[in-house]
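Engineer: Take this sequence and fold it.
(2 chains)
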Amino acid sequence: MSETVTVTIEMEQAWRYASGTAMERFSEGLKERRIEAVSCRLCGRAYLPPRPYCGKCNIRMSSWTPVKDEGELVAWTVMQLPMLDGRTGEMREAPYGMGLILLDGADTTLNHYLAESDPAKLAIGQRVRAVWCNERRGAMDDILHFEVIR
Amino acid sequence: MTQRPVFIAGCGQVGPVAEDPRSIVEMVLEAVEGALEDVGITHQDIDAIVTASVDILDGLTASNIAVTEVVGAVMKPEARIAADGMAAAIHGACQIWSGAYDTVLIVAHAKPSMAPYQDLMQWAMDPIYLQPLGVDFLTCAGLQAQALAAGDAGAEQRWAELASARRAGTPAAISADEILASPIVASPLRAEMCAPMEDGASAIVLSAVLGKHDGRPQVTGVGHDLAPHDLGDREPGIWRGLERACNRAYSVAGIDNPASAFDLAEPSCLFPHEEELFVAAAGIGNATVVSPGGGLFVGHTPVVAGLSRLAASASAMRQDAGCRRALAHGAWGPAGQGQAVMILEAGAP
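Structural biologist: Take a look at the predicted model:
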């Protein structure tokens, strides 16, 4: 069997994404602890995260609905494997909880971390609320995580 | 032709523009709405969608997922092509010819202003032999151009004049002398010989049933071809892949003599030497008008280029009754590794 040759190539690369009008408004709201969903005037769905277009009705959306920063846990998991955090390049240590949260006033769920990482203490249908960071920059991690309201 | 017709029923275009401040989703949405409006239809009239995008440009894998909603592909059949939009158009035409669908929406997008294109394209090269050397698409173009210029003392002057002629009458107009005074980027290619890289999106509605009564152009032949990746495995002085792609298309369209067959050609050429390669490989004659609007020399969006050439061809045929047959071309990969063409024929007057 021939010897394996490993070629290592390292390259640093960044992409500059335009947020788009919908995400821009959402981001501005986060800075002020405000969450807004964008609503379809035909089907009435209030979308989170916001997007410019309703894929069900095929129309542009531009009306906004205030949404509470608390809601219901509709799915959850506790990750037991550390993950590479794309924002820092560092590993996020396990375990950590991840949830799909249906905020009061929205019709689609938001993905976010859960403060609770003990599976025995998590259940679908639990009420959860956002824990905000003190310093906010208009990004998803302005919310540290969601905690169970007990 | 005995197969069912495929009409270029409508087109929508965004850009090319140096840097579009909007998101990809917003750009694609405008192109798609433009195409639907051009035909006078809604998404309900679309049976299937074919998108073209390249993950490395968008910075995410499966780059079509970001545009699923705005191309109207939610709960519909969507195919995605990681190559030039012309390949996506051929895929869509074949879907219609197969009888699977009547109307297919083709969409291509790219936003190269998001990241340094030249660096990214290193990732598109062979990882063992070429990436460690930093070989990119521009290097390959320089190697090919030099092979053509060897023994051709007039090449540089001729290429400068060609690049100047393509931009004449456009906001990007520039003289041949100015082109020759611009810095060399990959000898013998100079900066102003290169098509400027810009952001854009394009959408086209292909249909067997829409467009016939509006005299829309019809697709009468298609062909595509993939040459070996390594330049050393190709003949440097000829686009043999394009020659094969054209011969396939000519055979389908029943064209025996391409030299006198076309009123218009819209090639996807990024450098003047590529246009010479195109003319030779396609076998078109002097009577064929090439890139009357300047082609990609006034603005080039990777991935979108071929679809934009198809739209430019269809638009010219709709505006000029004398333009009866056109050859639209897309290319991708290093030094034109991938090649695709479509032949359009004018609809009933």
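Engineer: For the rest of this, base every contact and every neighbour count on C-alpha atoms.
Structural biologist: Noted.
Engineer: Going by residue numbers, what spans are strands in chain A?
Structural biologist: With DSSP state E applied, chain A shows strands at A:35-39, A:46-47, A:53-54, A:59-60, A:63-67, A:70-79, A:83-84, A:91-92, A:96-103, A:110-114, A:127-132, A:143-148, listed in chain order.
Engineer: Could you provide those in JSON lines, with additional columns for mean pLDDT, mean neighbour count and distance to B:Gly215?
Structural biologist: As requested, those are arranged in JSON lines below (pLDDT from 0 to 100; neighbours: other C-alpha atoms under 10 Å in any protein chain shown; distance: least, C-alpha to C-alpha, whole Å):
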{"stretch": "strand A:35-39", "mean pLDDT": "96", "mean neighbour count": "25", "distance to B:Gly215": "40"}
{"stretch": "strand A:46-47", "mean pLDDT": "96", "mean neighbour count": "24", "distance to B:Gly215": "41"}
{"stretch": "strand A:53-54", "mean pLDDT": "94", "mean neighbour count": "24", "distance to B:Gly215": "32"}
{"stretch": "strand A:59-60", "mean pLDDT": "94", "mean neighbour count": "17", "distance to B:Gly215": "29"}
{"stretch": "strand A:63-67", "mean pLDDT": "95", "mean neighbour count": "16", "distance to B:Gly215": "40"}
{"stretch": "strand A:70-79", "mean pLDDT": "95", "mean neighbour count": "19", "distance to B:Gly215": "53"}
{"stretch": "strand A:83-84", "mean pLDDT": "86", "mean neighbour count": "14", "distance to B:Gly215": "56"}
{"stretch": "strand A:91-92", "mean pLDDT": "86", "mean neighbour count": "13", "distance to B:Gly215": "60"}
{"stretch": "strand A:96-103", "mean pLDDT": "96", "mean neighbour count": "23", "distance to B:Gly215": "51"}
{"stretch": "strand A:110-114", "mean pLDDT": "95", "mean neighbour count": "20", "distance to B:Gly215": "48"}
{"stretch": "strand A:127-132", "mean pLDDT": "98", "mean neighbour count": "20", "distance to B:Gly215": "58"}
{"stretch": "strand A:143-148", "mean pLDDT": "96", "mean neighbour count": "20", "distance to B:Gly215": "56"}
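Engineer: For B:Val219, which of those is the nearest?
Structural biologist: For the strands of chain A, distance to B:Val219 was read as C-alpha to C-alpha. The smallest value, 30.3 Å, belongs to strand A:59-60.
Engineer: what helices or strands is the closest one leaning on?
Structural biologist: Using 3 or more C-alpha pairs under 8 Å, 6 or more residues apart in numbering or on different chains; DSSP states H and E as the contact criterion, the elements in contact with strand A:59-60 are strand A:53-54.
Engineer: Check the offset of the strand it packs on from the chain's centre.
Structural biologist: Using C-alpha atoms, centre = their mean, to the nearest Å, the mean C-alpha position of strand A:53-54 is found 19 Å from that of the whole chain.
Engineer: circling back: out of the strands of chain A, which gets nearest to B:Ala150?
Structural biologist: Smallest distance to B:Ala150 across the strands of chain A (C-alpha to C-alpha): 50.8 Å, for strand A:83-84.
Engineer: Pull up the residues of chain B that are close to chain A.
Structural biologist: Proximity of chain B to chain A is confined to B:21-26, B:43, B:58-59, B:68-70, B:72-74, B:114-115, B:127-128, B:131-132 under the rule C-alpha under 8 Å from any C-alpha of the partner chain.
Engineer: Weed out the non-buried ones from those.
Structural biologist: For the residues of chain B next to chain A, burial is judged from neighbour counts taken by 16 or more other C-alpha atoms under 10 Å in any protein chain shown, and it is met by B:23-26, B:43, B:58-59, B:68-70, B:72-74, B:114-115, B:131.
Engineer: Skipping adjacent residues, who's closest to the residue positioned nearest the centre of chain A in space?
Structural biologist: Of all residues in chain A, the one closest to the mean position by C-alpha atoms, centre = their mean is A:Asn111, 3.8 Å from it. If you skip the residues right next to it in sequence, A:Asn111 has A:Leu100 as its closest partner in space, 4.7 Å away by C-alpha to C-alpha, 6 or more residues apart in numbering or on different chains.
Engineer: Ok, B:Ala18 next?
Structural biologist: Closest residue to B:Ala18 in three dimensions, ignoring its sequence neighbours and counting by C-alpha to C-alpha, 6+ apart: B:Glu198, at 4.4 Å.
Engineer: I'd guessed that neighbour sits against B:Phe297; true?
Structural biologist: No - between B:Glu198 and B:Phe297 there is no contact under C-alpha atoms under 8 Å: 10.9 Å.
Engineer: hang on, the residue nearest to the centre of chain A packs against A:Ile101?
Structural biologist: Yes - if you go by C-alpha under 8 Å, A:Asn111 and A:Ile101 touch, sitting 6.4 Å apart.
Engineer: which parts of chain A sit against chain B?
Structural biologist: Near chain B, the residues belonging to chain A are A:7, A:9, A:13-21, A:52-56, A:58 when assessed by C-alpha under 8 Å from any C-alpha.
Engineer: So what would you say the end-to-end distance of stretch B:225-237 is?
Structural biologist: Length of stretch B:225-237, first residue to last, C-alpha to C-alpha, to the nearest Å: 17 Å.
Engineer: Repeat that for stretch A:44-53.
Structural biologist: 13 Å.
Engineer: Okay, buried residues for stretch B:260-269 please.
Structural biologist: Those buried within stretch B:260-269 under the rule 16+ other C-alpha under 10 Å are B:Ala261, B:Phe262, B:Asp263, B:Leu264, B:Ala265, B:Glu266, B:Pro267, B:Ser268, B:Cys269.
Engineer: Give me the phi and psi for B:Gly151.
Structural biologist: phi 80, psi 10 (degrees, to the nearest 10).
Engineer: Would you state the predicted confidence (pLDDT) at it?
Structural biologist: Confidence at B:Gly151, expressed as pLDDT, is 86.
Engineer: Can you report how many residues neighbour it?
Structural biologist: B:Gly151: 9 surrounding residues under other C-alpha atoms under 10 Å in any protein chain shown.
Engineer: Show me what the helix or strand of chain B with the lowest mean pLDDT is packed up against.
Structural biologist: Among the secondary structure pieces of chain B, namely its helices and strands, helix B:117-122 has the lowest mean (mean pLDDT, DSSP states H and E), a mean of 85. Under the contact criterion of 3+ C-alpha pairs under 8 Å, 6+ apart, the helices and strands touching helix B:117-122 comprise helix B:55-58, helix B:137-149.
Engineer: buried ones in that helix?
Structural biologist: The neighbour-count criterion (16+ other C-alpha under 10 Å) identifies B:Tyr117, B:Asp119, B:Leu120, B:Met121, B:Gln122 as the buried residues of helix B:117-122.
Engineer: and the buried ones among the residues of chain B next to chain A, which two are the farthest apart?
Structural biologist: Once C-alpha to C-alpha is applied, these give B:His43 and B:Gln131 as the farthest pair, at 42.5 Å.
Engineer: No further queries at this time; thank you.
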